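In: next comes the sequence, and after it the predicted model I'd like to discuss.
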Amino acid sequence: MIKVVRARQGKQSTLSYIFVDGEFICYALEDAIRDVKIKGETAIPAGQYSLILNAYGAMNARYKRLFPEFHKGMVEIEGIPNYSYVYIHIGNNIGDTSGCILVGTSWELIDGDYELRKSRKAYISLYKMLIDKMAYDAVCVQVDNQMLDSNGVI
């Protein structure tokens, strides 16, 4: 099971922790959680969704050039009501999200919003784990809102 645990809310960003089989793997960054969706600027709703490989489109072609030795398609989060083409990919700030989930090995709070660092490193590690799991079985991601309080406790 893949789990995205949202823990911190910036002005326009949401910082999460990604776990694979209960083990912390990396941080995630999404747009803000909103009651009313703004296209490309809203985190996906909490819930459980399927992961699939999408081997079509410009982003897939770009990643295939970046990672020819292991890229098999974009990891897409499927079945989100009123959302499409939501990928897990590389990026550092909310300007890179387009409604998708970015990954990184560390984070910083800058001017009230979260930014990720070493995104490429986190992506490669997580992608290889997900591809291995997806080769043998259907894989789901559980997205939960569990915001930290002011003392840093969920």
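Out: Ah, there it is.

In: contacts and neighbour counts: CA atoms only from here.
Out: OK.

In: what's residue 52 in contact with, if anything?
Out: 75, 76, 77, 78, 134, 139 (C-alpha atoms under 8 Å, 6 or more residues apart in numbering).

In: the fourth one: how many residues sit nearby?
Out: I take that to be residue 78. 20 (other C-alpha atoms under 10 Å).

In: was I right to think it contacts residue 100?
Out: No - using C-alpha atoms under 8 Å, residue 78 is not in contact with residue 100; the gap is 11.7 Å.

In: which neighbours do those two share?
Out: With C-alpha under 8 Å, 6+ apart, residue 78 and residue 100 have common neighbours residue 86.

In: max-length helix in this protein?
Out: Assignment by DSSP state H gives helix 119-134 as the longest helix of the chain.

In: centre of the chain to the helix or strand that it is followed by, how far?
Out: Sequence-wise, the next helix or strand downstream of helix 119-134 (DSSP states H and E) is strand 139-145. Its chain's C-alpha centre and that of strand 139-145 lie 10 Å apart, by C-alpha atoms, centre = their mean, to the nearest Å.

In: of all the residues in strand 139-145, which ones are buried?
Out: 139, 140, 141, 142, 143, 144, 145 (16 or more other C-alpha atoms under 10 Å).

In: mind listing what residue 136 touches?
Out: So residue 136 contacts nothing (C-alpha under 8 Å, 6+ apart).

In: kindly report the same for residue 56.
Out: Counted by C-alpha under 8 Å, 6+ apart, residue 56 has contacts residue 73.

In: that one belongs to a strand?
Out: No - applying DSSP: H, G, I helix; E, B strand; the rest coil, one finds residue 56 to be coil, outside a strand.

In: any idea how far it lies from residue 21?
Out: Distance from residue 56 to residue 21, counting by C-alpha to C-alpha, to the nearest Å: 28 Å.

In: one more: residue 133?
Out: Distance from residue 133 to residue 21, by C-alpha to C-alpha: 11 Å.

In: ok, those two, which is more surrounded?
Out: Set residue 133 next to residue 21 and count neighbours by other C-alpha under 10 Å: residue 133 wins out with 13 against 10.

In: beta partners of the closest residue to that one other than its chain neighbours?
Out: Spatial nearest neighbour of residue 133, chain neighbours left out: residue 139 (6.9 Å); criterion: C-alpha to C-alpha, 6 or more residues apart in numbering. Listed by DSSP bridges, the beta-bridge partners for residue 139 are residue 51.
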